[in-house]
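Enquirer: Sequence and predicted model, in that order:
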Amino acid sequence: MKFCSECAHPVSLQIPPDDNRMRYVCSNCGSIHYQNPKMVIGSIPVWEHDGELRLLLCKRAIEPQYGYWTLPAGFMENDETTSDAARRETLEEAGARIDLHELFSLLNVPHVHQVHLFYRATLLDLDYAAGIESLEVGLFTEAEIPWDDIAFPTVEITLRAFFADLKKIRQEDGHFSLHTQDIFKPMRRGLAAK
């Protein structure tokens, strides 16, 4: 940050009185500009037919991770709830309408100043299509998921936890749980787009 969003004068990094962190502070109007993590919200949309469960994934048409697969997700907007954001992102990226269930994973990604939340969801129908941020959209069984081409560590962790919970449920000794984790692993870099 170089200029104050309140008065357009230059800002400088300093620790404001009664604070313990460096912040951008305007020397003209005194505004303190706090920078906080961004929320990335998405869904785990599934379709079950004749006992076979398939999960909807999107192939990214944008950077970062162009050409890699992800769950439908994106940055939360002002004036929406996390559940609103999950529904909106699923519609925007996959053209899919969903019935949203409970929060499934909450993943802190401090090195990129983000928190990722994924909700379990059920597709309302099979009328889906790639949005402008997706090259393609498809339904996958667990065995069909392109594990080597998953875009982000948070998505892989969420998917693996989902299928582990599902296995326990099918063995009648489990349920879907809330999964939390801190992720310090950076996403893959320098790989050719798929």
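Expert: Structure's in. What do you need?
Enquirer: can you count the residues close to the closest residue to Leu57 other than its chain neighbours?
Expert: Nearest residue to Leu57, sequence neighbours excluded (CB to CB, 6 or more residues apart in numbering): Trp69, at 4.7 Å. (Each C-beta comes from the backbone N, C-alpha and C, glycine too.) Close neighbours of Trp69, defined as other CB atoms under 10 Å, add up to 27.
Enquirer: Could you check the pLDDT of Trp69?
Expert: With respect to pLDDT, Trp69 scores 98.
Enquirer: can you pull up the bridge partners for it?
Expert: Here Trp69 sits in beta bridges with Lys59, Ile150, going by DSSP bridges.
Enquirer: Quick check: it touching Leu55?
Expert: No: using CB atoms under 8 Å, Trp69 makes no contact with Leu55, being 10.5 Å away.
Enquirer: Overlap of the contact sets of these two?
Expert: Ile145 (CB atoms under 8 Å, 6 or more residues apart in numbering).
Enquirer: Contact partners for the residue nearest to Leu57?
Expert: Trp69 neighbours (CB under 8 Å, 6+ apart): 57-60, 145-146, 149-151, 155.
Enquirer: and the helix ranked longest in the chain, what does it pack onto?
Expert: The longest helix of the chain (DSSP state H) is helix 153-170. Packing partners of helix 153-170 (3 or more CB pairs under 8 Å, 6 or more residues apart in numbering; DSSP states H and E): strand 38-49, strand 52-60, strand 98-109, strand 114-123, strand 179-182.
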